[in-house]
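Engineer: I would like the atomic coordinates for the input below:
(one chain, ligands or ions: 2)
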Amino acid sequence: MSDRSSLAVLLAAGEGTRMRSGLPKVLHPVAGLPMIGHVLASAKCAGIERFAVVVGPSAEGLRAFLAKRAPGAPIFEQTERRGTAHAVLAARAVLSEPADDVLVLYGDTPLVRPETLARLRAELAKGAAVVVLGFRPSDPAGYGRLLESEGRLVAIREEKDATAEERQIRFCNAGLMAFAGSSVLDLLGAIGNANAKGEFYLTDAVEIANQRGLAVIAIEADAEEVGGVNTRVELAAVEAIWQARARKAAMLAGVSLVAPDTVFLSHDTVLEADVTIEPNVVFGPGVRVESGAVIHAFSHLEGARVESGAAVGPFARLRPGTALGPKAKVGNFVEVKNAEIGAGAKVSHLTYIGDAKVGAEANVGAGTITCNYDGFDKALTIIGEGAFIGSNSALVAPVTIGDGAYVASGSVVTEDVAPDALAIARARQVEKPGWAERFRAFKATTARKRV
Ligand code: UD1
Ligand code: MG
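Structural biologist: Numbers count the residues shown, from 1 in each chain. Ligands and ions are numbered 1, 2, ... in the order given. Reported below is the predicted structural model:
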C-alpha cells in the first residue's frame, strides 16, 4: 500500500428516478449491502483514508447510512444538478485540503475492485496529473469516448458532442477518475459549460490538463467491473456478477459449492476452508461457517455462527443470534433463533428453539417447541448438558431442564427440572379394555346410514 495521502469523493447525488423507488439509488443493496457501501469498502481496501460524499436533496436515509459506515466523512449537498464537475466541486472544502491522490468514485458503481483503484493511484504516483478509467462496452452508445494519441489521453468527448468519427471509438470513459491533489482544484475550476448539455463536465479536466502540459493517461478495466446501476434490471445484473465473483473466491479458498449458481452469499459471509454448501442455500448478513461444517440443501442462514464439523439442514433456518457448537446438528424443518446449541447437541427434526441455551450432547426430540414469547416479553429456556427432550414437548420459558434430565414426550414443561430427573408433564394414559368392540357393536345397531 502506498504512503501517499488520499481522498475519495463519492458522487451519490444520482436521482435514481429509473429505479422507481422511494429509496435513494445508492442505498439499493447488492449482496445485502447498499451499493455505496461496496464502493466505500473497495476504496478502504485500496488504502484510501479520507472520504467525502456528495449527495442530492432529501437524502436522510443516505446520511444515516454514511454516519455508520463512513463516520466523520463530510457530506456535501449538490442542490442543483449542473454536471459531474459541479458535483465534485460541491466538496470544494475538502478538495482544498492537501492530499496526494484524489479519486472521484460513483456510489452506483459497486463492483469496482480495490486493485483497480490501486492502479489509478499507482499512475498518479508515477507522475500523472489525471488518470481516467476506461473500458470497452459491447455497446458504447451514451458513453464519453476516450481520445488517445501516442499512449496519452488527449480528451474525453461526450457522445452528444462527438463527431461521427469520434463515435466510432470503442474505448469509453467509465466515469471514475483520479487527480493529483496538487492540481485538482485548479483543473476543476477551469471547466466551463459550453457543451451540448450545458453542464460542467468533469471529463473536460482532461483537455485542460493537456493544455497545461500535465500528464494524462487512461487505464483499462473490465466492462463488468465498471457497470453502473440505473434500473432494477441493472441492479440484478450487478448482483449476479457480485455473486459469481464471491462464489468463485469461496471455492478457490477451499469451500465446496456443489451447485454454485444456486448458493447466494452476503457481502460479509465468512466460509472457512473445507466447508461444504449443498444446493439452494441462502446466506443473509452476519454468517460465519467454520471448517468442516456442512450446510445441507435449501437452508437459510442469517446472523449465525456454525462451528467446525456442525451440520445444518436440509431445510433449516438459522436466524440471528444462533451459535452452533462443534459437531452440533440442526436437522430438517428446524428453526433456531438467538440460541446456543452446544457441542455435539442434536436438534434433528421439526423444532423451534428460540432464546435458549442447549447444552453439549443434549438431544432435542422431534417437534419440540420453546415457548419463548407471551405476547409481551421473550424468556429464556436452558437445556442442560446431555439432557434428553422427548418428542413433541413444549418448554414454557423461563424454564431450565437440568443436566442429564429427561423430559417425557408430549410434555408441557412449565417448571424447572432437576438434573438427572425425569419430568412427565402430560395426562396419564387410561386404557378401557374392549371399549372399541362395544362401540362398533352399538353403532351397528343405532347409526343412521350415510346418505
Ligand atoms: C458520465 C461521463 C461519461 C461516462 C459516463 C459513464 C461526464 C461529463 N460524462 O456521463 O464520459 O462515459 O458517465 O457512466 O462526466 N451526477 C451528479 N451531479 C450532476 C451530474 C451527475 O451527482 O450534476 C452524478 C450522477 O448521479 C451519476 C454520475 O454523476 O452518478 C454521472 O452522471 P451522468 O449524468 O449519469 O453522466 P453520463 O452522461 O452518464
Ligand atoms: Mg450515467
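Engineer: Can you give me the distance of residue 45 to ligand 1?
Structural biologist: For residue 45, the distance to ligand 1 (CB to the nearest ligand atom, to the nearest Å) stands at 21 Å. Any C-beta I mention is one placed from the backbone N, CA and C, and that applies to glycine too.
Engineer: Quick check: closest non-adjacent residue to that residue.
Structural biologist: residue 114 (3.7 Å; CB to CB, 6 or more residues apart in numbering).
Engineer: what's the spacing between that neighbour and residue 41?
Structural biologist: From residue 114 across to residue 41, the span is 8 Å (CB to CB, to the nearest Å).
Engineer: Check residue 291 too.
Structural biologist: Distance from residue 291 to residue 41, by CB to CB: 25 Å.
Engineer: With residue 430 instead?
Structural biologist: From residue 430 to residue 41 the distance is 66 Å (CB to CB).
Engineer: Show me which of the two is the more surrounded one.
Structural biologist: residue 41 (16 against 5; other CB atoms under 10 Å).
Engineer: Get me the contact residues on the stretch 151-300 of the chain for ligand 1.
Structural biologist: 156, 158, 172-175, 201-203, 228 (CB under 6 Å from any ligand atom).
Engineer: Turn those residues into JSON lines, columns for distance to residue 346.
Structural biologist: Converted to JSON lines, these look like this (distance: CB to CB, whole Å):
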{"residue": "156", "distance to residue 346": "63"}
{"residue": "158", "distance to residue 346": "64"}
{"residue": "172", "distance to residue 346": "58"}
{"residue": "173", "distance to residue 346": "58"}
{"residue": "174", "distance to residue 346": "53"}
{"residue": "175", "distance to residue 346": "54"}
{"residue": "201", "distance to residue 346": "65"}
{"residue": "202", "distance to residue 346": "60"}
{"residue": "203", "distance to residue 346": "63"}
{"residue": "228", "distance to residue 346": "49"}
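Engineer: Sort those by pLDDT and name the bottom one.
Structural biologist: Lowest in pLDDT among these is residue 228, which has 91.
Engineer: got a list of what the residue of the stretch 101-250 of the chain found nearest ligand 1 touches?
Structural biologist: The minimum distance from the stretch 101-250 of the chain to ligand 1, using CB to the nearest ligand atom, falls at residue 144 (2.3 Å). The contact partners of residue 144, taken as CB atoms under 8 Å, 6 or more residues apart in numbering, are 156-159, 172-173, 203.
Engineer: Scan those and report the most crowded one.
Structural biologist: Neighbour max across these (other CB under 10 Å) = residue 156, 27 neighbours.
Engineer: Leaving out sequence neighbours, find the closest residue to it.
Structural biologist: With CB to CB, 6+ apart, the residue lying closest to residue 156 is residue 203, at 3.7 Å.
Engineer: any idea how far the lengthiest helix in the chain is from the chain center?
Structural biologist: Identified as the longest helix of the chain according to DSSP state H is helix 232-252. Helix 232-252 has its C-alpha centroid displaced from the chain centroid by 11 Å (CA atoms, centre = their mean, to the nearest Å).
Engineer: who does the helix or strand just after it pair up with?
Structural biologist: Using DSSP states H and E, the next helix or strand after helix 232-252 towards the C-terminus is strand 256-257. Its sheet considered, strand 256-257 pairs with strand 276-277 (parallel) by DSSP bridges.
Engineer: Which strand or helix spans the nearest residue to residue 333 once chain neighbours are set aside?
Structural biologist: Spatial nearest neighbour of residue 333, chain neighbours left out: residue 350 (4.7 Å); criterion: CB to CB, 6+ apart. According to DSSP H and E, residue 350 maps onto strand 346-358.
Engineer: Contacts for that strand next, please.
Structural biologist: For strand 346-358, with CB under 8 Å, 6+ apart as the criterion, the contacting residues are 328-342, 345, 362-370, 372-373, 378-383, 397.
Engineer: swap in stretch 135-142?
Structural biologist: Outside stretch 135-142, the residues touching it (CB under 8 Å, 6+ apart) are 143, 159, 167, 169-172, 174, 220-223, 225-226.
Engineer: Now restrict the contacts of strand 346-358 to buried residues only.
Structural biologist: 328-342, 345, 362-370, 372, 379-383, 397 (16 or more other CB atoms under 10 Å).
Engineer: Inside strands: which ones of those residues?
Structural biologist: Counting by DSSP state E, those place 329-341, 363-364, 369-370, 381-383 in strands.
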